[in-house]
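*Asks:* below are the sequence and a predicted model; questions follow.
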Amino acid sequence: MNLDEKSSLAGIKLRHFKKVVRFYDTIEPINSELVYNLCCGNALASWYILNANEKIKFISVDKIKTEKYRRLESLMEDSLKERHLFLEQDIGMHLEGFVISIHPCGNLADRIILACIEQGVSFAIVPCCYKPGRQLLKPKNYIRPLGLDRIEIVDDMRIKYLRENKRDVVVKRIENFPSPMNKLIMSHI
Ligand SMILES: C[S@@+](CC[C@H](N)C(=O)[O-])C[C@H]1O[C@@H](n2cnc3c(N)ncnc32)[C@H](O)[C@@H]1O
């Protein structure tokens, strides 16, 4: 059985599978043998990338281990399970290797970016849910560019904060991503 069929059997909607495929197509290659998937939800991205890379190990982190996660895990081959660890906890933790996160809500994206700056880790994240006044990353002497809406300003502050901290930044829209929240922010060490 293919992973898309396993995912469907676990009750995960096809658009989530498509999200993972489009995300990975856009960020690959991952030049690290250890990857953290923060705010992983059902951890579908972890299984998908594990399946595509024999050498990668994954640590998937979410504060809740869902029933869908459990069902999906039960369908995985041992060869993938051996390279996967799920931690049911907050994202505040030691990080290394490469970090991915698809749709960490609101300022969780800021927390992930900040942790990756502080711990010197490369990352690829697709933020979502831009709530007003909640952002944590504020570059010094920030001047709001004219013509940007509220969401664009939050991301502009993230990007400028990264550059202020001497990090390279790549920002791109993920094509054919089945969600309007399709902005990828990537930074490599
Ligand atoms: C919008 S979902 C995204 C799930 C998945 N990455 C996806 O793309 O389908 C956000 C996830 O963040 C998790 N989450 C929220 N706060 C968290 C925290 N403080 N630490 C770890 N996970 C958290 C939630 O349980 C939820 O699974």
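*Replies:* Nice, I can see it.
*Asks:* in the helix or strand of the chain with the lowest mean pLDDT, what counts as buried?
*Replies:* In the chain, no helix or strand scores lower on mean pLDDT, DSSP states H and E than helix 150-164, which sits at a mean of 93. When neighbours are counted by 16 or more other Cβ atoms under 10 Å, the buried residues of helix 150-164 are found to be 154-162. (C-beta placed from N, C-alpha, C; glycine too.)
*Asks:* the residue of the chain found nearest the ligand: how many residues sit nearby?
*Replies:* Taking Cβ to the nearest ligand atom, the ligand has its nearest neighbour within the chain at residue 41, 2.7 Å off. When counting by other Cβ atoms under 10 Å, one arrives at 18 neighbours for residue 41.
*Asks:* grab the nearest non-local neighbour of it.
*Replies:* Spatial nearest neighbour of residue 41, chain neighbours left out: residue 62 (6.1 Å); criterion: Cβ to Cβ, 6 or more residues apart in numbering.
*Asks:* alpha carbons only: can I get the least confident helix or strand of the chain in PDB?
*Replies:* Extracted in PDB, the C-alpha atoms of helix 150-164 (Å, rounded to 0.1, in the frame of the first residue of the first chain):
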ATOM      1  CA  ARG A 150      -1.100  43.000   8.200                       C
ATOM      2  CA  ILE A 151       0.000  39.400   7.200                       C
ATOM      3  CA  GLU A 152       2.700  40.700   4.900                       C
ATOM      4  CA  ILE A 153       4.000  42.900   7.700                       C
ATOM      5  CA  VAL A 154       4.300  40.000  10.200                       C
ATOM      6  CA  ASP A 155       6.400  38.100   7.600                       C
ATOM      7  CA  ASP A 156       8.400  41.200   6.700                       C
ATOM      8  CA  MET A 157       9.300  41.500  10.400                       C
ATOM      9  CA  ARG A 158      10.300  37.800  10.500                       C
ATOM     10  CA  ILE A 159      12.500  38.200   7.400                       C
ATOM     11  CA  LYS A 160      14.200  41.400   8.600                       C
ATOM     12  CA  TYR A 161      14.700  39.900  12.100                       C
ATOM     13  CA  LEU A 162      16.400  36.900  10.500                       C
ATOM     14  CA  ARG A 163      18.700  39.200   8.400                       C
ATOM     15  CA  GLU A 164      19.400  41.300  11.400                       C
END
